[in-house]
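Engineer: Take this sequence and fold it.
(chains A and B)
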Number of protein chains: 2
Amino acid sequence: MFERLCIIGAGLIGGSVALAARANGLCSNIVAYGREADAPNLQTALELGVVDACFTDLEPALAGADLVLIAVPVGAVTGVFRQLRPFWSETAVYTDVCSAKGSVLAAAVEVFGRAPANFIAAHPIAGAERSGAAAAQADLFQQRRLIITPDAGSDPSALQKVQAFWQAMGAWVSLMTPAHHDTVFAATSHLPHLLAFALVGLLGRQDEQREIFKFAAGGFRDFSRIASSDPTMWVDIALANRAEILPLLQEYRAELSLLERMLQERRPDELFQAFSYAKNARQRYLDQLDDYNNDHDSRNTV
Amino acid sequence: MFERLCIIGAGLIGGSVALAARANGLCSNIVAYGREADAPNLQTALELGVVDACFTDLEPALAGADLVLIAVPVGAVTGVFRQLRPFWSETAVYTDVCSAKGSVLAAAVEVFGRAPANFIAAHPIAGAERSGAAAAQADLFQQRRLIITPDAGSDPSALQKVQAFWQAMGAWVSLMTPAHHDTVFAATSHLPHLLAFALVGLLGRQDEQREIFKFAAGGFRDFSRIASSDPTMWVDIALANRAEILPLLQEYRAELSLLERMLQERRPDELFQAFSYAKNARQRYLDQLDDYNNDHDSRNTV
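Structural biologist: Numbers count the residues shown, from 1 in each chain, chains lettered A, B, ... in the order given. From the prediction side, this is the model:
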């Protein structure tokens, strides 16, 4: 499918793309570029056979690459575009893996004047608790969603190649606008992460005063799981998508104020209505999830 | 251990206690009492062999019972105490399963003048998504925590019997004050449920405008799970423990305002500090959970 894949940033996602691309025979040659500070991780990637070669100089890393994957935290994307610009190839295809797409495209506009037609923004909905090349898994994207967010200027052939690349690694690809992507993920991922960090932070400080965690109920483990996410990565995401997250946070606080008043004024009927609406809404979400999965399962078996 | 167990309310928890008590040979005879409206569920309990007999009259249900388990929603406890009062036995042991203990003890004080010495308040940290006698499981309390919240007036012999009863069904029993119980569960269970209901409610209304749920990331399923809890039960719990929940809700909203300001003013260092503190606090919680489980595992195998 591609001759040479150059991965900018051989972390969990970059490393997993390398393994998946190799396992599925999508690239003859796979190399990684990273900063000097990342040299030990690059060395690990090389030793584990995740990539064929590693570079801390960009130019040799890019030489002959017909697919360039930007797999760095979203806060580092502008810098990467700046580094790539002098070597930008019109014939290669460029893509990324960031969780906030508006800011990635804004970074492209900032550096290039407008987003290059052969840069196709994408977001794999996959991750793991560990990080770094040592945690990479060839099946990380199998039966996971991947969102591609083309814009009006995207080259259809580059788009088609990126789509085929991810599908060949087992991902379920959807296309949507960058704005819709950022709205959806602000609501279903970024806001929940902030809520979980805030809750576990609050409870952690209380736990320092008197035992709280020791007796926590079982549901707390699931509910708080995302508060164990990588802080650096989440600072980046939260800032990158703040335009979408901030109004949601305000609406959410207003929602809590309503519940607070219902409790204060002992209004069981209103509480019941609010809780029931939420329970039904979650059922709607689960039904959609089932439909989606059944859909994809049947397509995969046909 | 007991001659006759009378269960007030043969729902998921009451029914599971019946099955577990029988499976572990703790009671020779197990009966259930419920309201007329609950007759179909009582009939199911009888047909499935969950209980030996069912009553919609209280007096015959209680005849000869040396253990009475109050397994009704916390909002119904005052009414049950009022019904029990004329038939209260000094020699039987009474216990309950409610998630908020202060309000249960307040109900006892309201009805009896002071909490009867042979009423031992308890809270099994167990549940399931389904409800009713048909969902009852004999192993629901195996390796689950159970909190007993005695007060100064509790009869030590009744306390010992309730403790032995739950331990014999496989529960890990801890004792704490009712106030500490309500603080811990307001923080680690009641507040999270309100937050989840509020989030899924907010997102549900957005989803009616434009597709949100269809593309939700994997973590959302875990984070939102508790929003599928039974609304009636949670209205009861939220109102029963509102004195503990309300100040926490306010603190939580203040916490969100802080995060909001950090986002608005683009303060990556402060966000990083907040997220890292939360991540570390969750690790402390997980470590305690492991310690606790290892402790109990080793006790169980020794």
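Engineer: packing partners for the lowest-mean-pLDDT helix or strand in chain A?
Structural biologist: When the helices and strands of chain A are compared on mean pLDDT, DSSP states H and E, helix A:268-301 comes out lowest with a mean of 83. Contact partners of helix A:268-301 among helices and strands, from 3 or more Cβ pairs under 8 Å, 6 or more residues apart in numbering or on different chains; DSSP states H and E: helix A:242-264, helix B:191-209, helix B:219-224, helix B:231-240. Quick note: C-beta positions are derived from backbone N, CA and C, even for glycine.
Engineer: Buried residues in it, which are they?
Structural biologist: For helix A:268-301, burial by neighbour count (16 or more other Cβ atoms under 10 Å in any protein chain shown) applies to A:270-272, A:274-282, A:285, A:288-289, A:292.
Engineer: between the residues you listed, which is nearest chain B?
Structural biologist: A:Ala281 (2.6 Å; Cβ to the nearest Cβ).
Engineer: what about the residue nearest to the closest one when sequence neighbours are not counted, how many neighbours?
Structural biologist: Counting by Cβ to Cβ, 6 or more residues apart in numbering or on different chains, B:Gly204 is the residue found nearest to A:Ala281 once chain neighbours are left out, at 2.6 Å. Using other Cβ atoms under 10 Å in any protein chain shown, B:Gly204 has 21 neighbouring residues.
Engineer: backbone phi and psi for the residue most central in space within chain A, please?
Structural biologist: Nearest residue to the geometric centre of chain A (Cα atoms, centre = their mean): A:Ser99, 3.6 Å. Dihedral pair for A:Ser99: phi -80, psi -10, per degrees, to the nearest 10.
Engineer: Enumerate every residue touching it.
Structural biologist: A:Ser99 sits next to A:Val74, A:His123, A:Phe185, A:Ser189, A:His190, A:Ile237, A:Ala240, A:Asn241 when contact means Cβ atoms under 8 Å, 6 or more residues apart in numbering or on different chains.
Engineer: again, but for A:Leu146
Structural biologist: A:Ala122, A:His123, A:Pro124, A:Ile125, A:Trp166, A:Ala171, A:Trp172, A:Val173, A:Ser174.
Engineer: Quick one: residues contacting the closest residue to A:Phe87 other than its chain neighbours.
Structural biologist: Nearest residue to A:Phe87, sequence neighbours excluded (Cβ to Cβ, 6+ apart): A:Leu62, at 5.1 Å. A:Leu62 is in contact with A:Cys6, A:Tyr33, A:Val68, A:Leu84, A:Phe87, A:Ser89, counting by Cβ under 8 Å, 6+ apart.
Engineer: Swap in 7 Å and give it another go.
Structural biologist: A:Cys6, A:Val68, A:Phe87 (Cβ atoms under 7 Å, 6 or more residues apart in numbering or on different chains).
Engineer: mind showing which ranges of the stretch 151-300 of chain A have poor pLDDT?
Structural biologist: A:218, A:295-300 (pLDDT under 70).
Engineer: can you do 50?
Structural biologist: By pLDDT under 50, the weakly predicted segments of the stretch 151-300 of chain A are A:298-300.
Engineer: thinking A:Val184 is in contact with B:Arg210, fair?
Structural biologist: No - shown here, A:Val184 and B:Arg210 do not form a contact pair, counting by Cβ atoms under 7 Å, at 8.5 Å.
Engineer: Among those two, which residue is more densely surrounded?
Structural biologist: Between A:Val184 and B:Arg210, A:Val184 has the larger neighbour count (other Cβ under 10 Å), namely 25 against 11.
Engineer: Is the more buried one in a helix, a strand, or coil?
Structural biologist: What DSSP: H, G, I helix; E, B strand; the rest coil gives for A:Val184 is helix.
Engineer: What residues does the nearest residue to it once chain neighbours are set aside make contact with?
Structural biologist: Of all residues not flanking A:Val184 in the chain, B:Phe215 sits nearest, at 4.7 Å (Cβ to Cβ, 6+ apart). Residues near B:Phe215 by Cβ under 7 Å, 6+ apart: A:Arg145, A:Ile147, A:Ser174, A:Val184.
Engineer: buried stuff in stretch A:243-259?
Structural biologist: Across stretch A:243-259, burial judged by 16+ other Cβ under 10 Å covers A:Glu244, A:Ile245, A:Leu246, A:Leu248, A:Leu249, A:Glu251, A:Tyr252, A:Arg253, A:Glu255, A:Leu256, A:Leu259.
Engineer: and what of stretch A:15-32?
Structural biologist: Residues A:15-22, A:26-27, A:30-32 are the ones in stretch A:15-32 that count as buried (16+ other Cβ under 10 Å).
Engineer: can you check stretch A:178-192 too?
Structural biologist: For stretch A:178-192, by 16+ other Cβ under 10 Å, it's A:178, A:180-192.
Engineer: How far away from the center of its chain is it?
Structural biologist: Relative to its chain's centre, stretch A:178-192 lies at 11 Å (Cα atoms, centre = their mean, to the nearest Å).
Engineer: first to last residue in that stretch, what's the distance?
Structural biologist: 20 Å (Cα to Cα, to the nearest Å).
Engineer: Residues touching it, excluding its own?
Structural biologist: Taking Cβ under 7 Å, 6+ apart as the rule, stretch A:178-192 contacts A:99-102, A:105, A:121, A:123, A:147, A:149, A:151, A:226, A:237-238, A:241, A:244-245, A:248-249, A:252, B:199, B:203, B:206, B:212, B:215-217, B:219-220, B:223.
Engineer: can you map out the strands along the stretch 1-150 of chain A?
Structural biologist: For the stretch 1-150 of chain A, the strands defined by DSSP state E, counting those that start in this stretch cover A:2-8, A:27-33, A:53-55, A:67-70, A:93-96, A:119-120, A:122-124, A:145-148.
Engineer: Wait, A:Phe119 touches A:Tyr94, no?
Structural biologist: Yes - the pair A:Phe119 / A:Tyr94 is scored as a contact, 4.3 Å apart, by Cβ under 7 Å.
Engineer: Number of residues surrounding A:Ala76?
Structural biologist: Neighbour number of A:Ala76 under other Cβ under 10 Å is 16.
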